[in-house]
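Peer 1: Model the structure of this input:
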Amino acid sequence: MRRLILCAAASLALYFAAFAFVLHRPLSVGLLRMEMDQKLARGARLPSPKLVILAGSNAPFSHSCRVIGAMLNLPCENGGVAVGIGLDDLFARWSPLLHRGDIAYLPMEIQQYDVSAAQNRMDMDGAWLFYRNRALLWHLGALRALAGAFGSTMPDALEALTEMAAHAAGLGHRRAMLAAQFDRQGDRIGTTLATADPGFLATLRRVEPGPRGIIRGDGSRIIARFVRRETARGVIVIGGLPTDFDTVRLPGADIDAIRAIFIANGGRFIVLPNHSRYPRADFYNSEDHLAQPCQYRQSIAIARALAPVLHRSAAAPAAAVRRLALTCPGAARVIAARDGPRVIAADDGP
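Peer 2: A predicted model of the protein is given here:
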């Protein structure tokens with residue numbers, strides 16, 4: 001029995017030593033953490049009042065700080081990274097950088113609201129935090145720390161060894177990859193219509209959670225806590241809807257449930273007339289990822305919706321921005337009218 005206990009203790013010690021000090025995934029999770037670190041560094045340098053956009057990948061793919069910030073005359077950083085980076089992690093990193101008068105816009109993916117506590121504890125960033133930032137992991141809570149410490153498996157170890165070997169061999173230049181994919185305000189770039197994947201987009205089918213799932217979700221609890229705390233500190237927190245296919249049904253009850261999370265905790269909420277729903281042809285490689293021309297079109301509409309909430313005027317989009325937005329497939333909508341069809345330009349809003 002003593003030998004068994006010693007062997008178990010040695011196995012645990014070896015496991016903890018391996019995942020706490022040696023094994024990590026620099027080309028997948030590590031790339032996302034570098035993306036977040038770069039965005040945080042830029043956000044820390046911005047003067048107040050500033051605008052920060054926080055969500056998963058819907059934020060950088062479907063929203064443009066370059067467009068929204070310029071139209072509202074606000075310095076802006078697109079702080080969204082990816083679904084799978086825990087909301088508690090994201091908010092803990094950004095909260096110290098937000099000050100009175102700053103604006104946080106949260107077009108959170110719908111699935112972020114109904115995530116369970118267990119799912120949140122097992123987010124992919126837990127293992128990375130166990131390797132890189134155990135103090136922050138512990139700050140996120142004892143259960144989150146335990147999940148981060150015990151969440152890695154043998155396949156994770158094999159993937160880590162593969163990525164570490166590839167990184168050591170000079171494959172996957174992370175800084176160059178991020179520089180090619182993101183601009184200096186954190187927006188995703190290079191997502192042209194020519195490189196979109198319509199075949200893959202055609203296969204995607206997603207059912208949104210109902211209002212009960214949204215209300216009871218652990219993600220909703222985390223978002224509500226962030227809204228409440230930041231609003232109490234004088235930060236203006238505004239919720240919004242993520243982009244999705246116009247074929248995906250989003251009932252009014254779902255929107256009301258999401259709106260209540262913000263309004264009941266002192267925040268604000270905006271909704272575009274089209275509920276940020278667009279034809280599949282407007283997307284790049286996911287329901288949450290608009291192609292860049294359509295990202296600009298969505299951002300023009302968001303800037304105009306934010307302006308009255310912030311008591312600011314919205315400037316006209318730059319000519320280059322407007323020209324690119326007009327190339328979005330959904331930008332010209334034919335509307336049946338008594339005197340025949342007419343075209344609505346992209347910068348007239350969705």
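Peer 1: rest of the way, CA atoms for contacts and neighbours
Peer 2: Will do.
Peer 1: The stretch 101-250 of the chain: helices as residue ranges?
Peer 2: Remark: helices assigned in the stretch 101-250 of the chain by DSSP state H, counting those that start in this stretch are 110-113, 117-121, 125-132, 134-139, 142-150, 154-168, 174-181, 198-203, 211-216, 218-232.
Peer 1: Just put those helices in TSV and tack on mean neighbour count.
Peer 2: Output for these, formatted as TSV (neighbours: other Cα atoms under 10 Å):
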stretch	mean neighbour count
helix 110-113	22
helix 117-121	17
helix 125-132	23
helix 134-139	16
helix 142-150	19
helix 154-168	15
helix 174-181	14
helix 198-203	12
helix 211-216	18
helix 218-232	21
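Peer 1: which ones are touching Ala59?
Peer 2: Ala59 makes contacts with 53, 78-81, 107-108, 187, as judged by Cα atoms under 8 Å, 6 or more residues apart in numbering.
Peer 1: closest to Trp138 among those?
Peer 2: Val81 (21.6 Å; Cα to Cα).
Peer 1: hang on, the closest one packs against Val29?
Peer 2: No: Val81 sits out of contact with Val29 when judged by Cα atoms under 8 Å, with a separation of 10.9 Å.
Peer 1: Could you find the closest non-adjacent residue to the most centrally placed residue in the chain?
Peer 2: Nearest to the geometric centre of the chain sits Gly56, at 1.8 Å (Cα atoms, centre = their mean). Among residues not flanking Gly56 along the chain, Ala82 sits closest, at 4.0 Å (Cα to Cα, 6 or more residues apart in numbering).
Peer 1: need the strands for the stretch 251-350 of the chain, in chain order.
Peer 2: Assigned by DSSP state E, counting those that start in this stretch, the stretch 251-350 of the chain shows strands spanning 268-269, 277-278, 283-286, 289-290, 333-335, 342-344.
Peer 1: Show me what the longest one is packed against.
Peer 2: Meaning strand 283-286. helix 198-203, strand 289-290 (3 or more Cα pairs under 8 Å, 6 or more residues apart in numbering; DSSP states H and E).
Peer 1: Mean pLDDT for those - can I get that in a markdown table?
Peer 2: A markdown table is the format used below for the helices and strands packed on strand 283-286 (pLDDT from 0 to 100):
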| stretch | mean pLDDT |
| --- | --- |
| helix 198-203 | 93 |
| strand 289-290 | 96 |
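Peer 1: Ile238: which of these is closest?
Peer 2: Taking Cα to Cα, strand 289-290 is the member of those nearest to Ile238, at 20.6 Å.
Peer 1: Quick check: neighbours of that closest one in the sheet, parallel or antiparallel?
Peer 2: Strand 289-290 has these partner strands in its sheet, going by DSSP bridges: strand 283-286 (antiparallel).
Peer 1: Give me the distance between the partner strand and the centre of its chain.
Peer 2: 15 Å (Cα atoms, centre = their mean, to the nearest Å).
Peer 1: Show residues contacting that strand.
Peer 2: Here strand 283-286 makes contact (Cα under 8 Å, 6+ apart) with 191-193, 195-198, 200-201, 204, 289-291, 294.
Peer 1: which one of these is nearest Ala92?
Peer 2: Using Cα to Cα, those come closest to Ala92 at His289, 25.0 Å.
Peer 1: Listing request: residues of the stretch 251-350 of the chain with sub-threshold pLDDT.
Peer 2: Scanning the stretch 251-350 of the chain for pLDDT under 70 picks out 332-350.
Peer 1: For Glu230, find the nearest of the helices and strands packed on strand 283-286.
Peer 2: Across the helices and strands packed on strand 283-286, closest to Glu230 is strand 289-290 (Cα to Cα), at 27.5 Å.
Peer 1: Sounds good, over and out.
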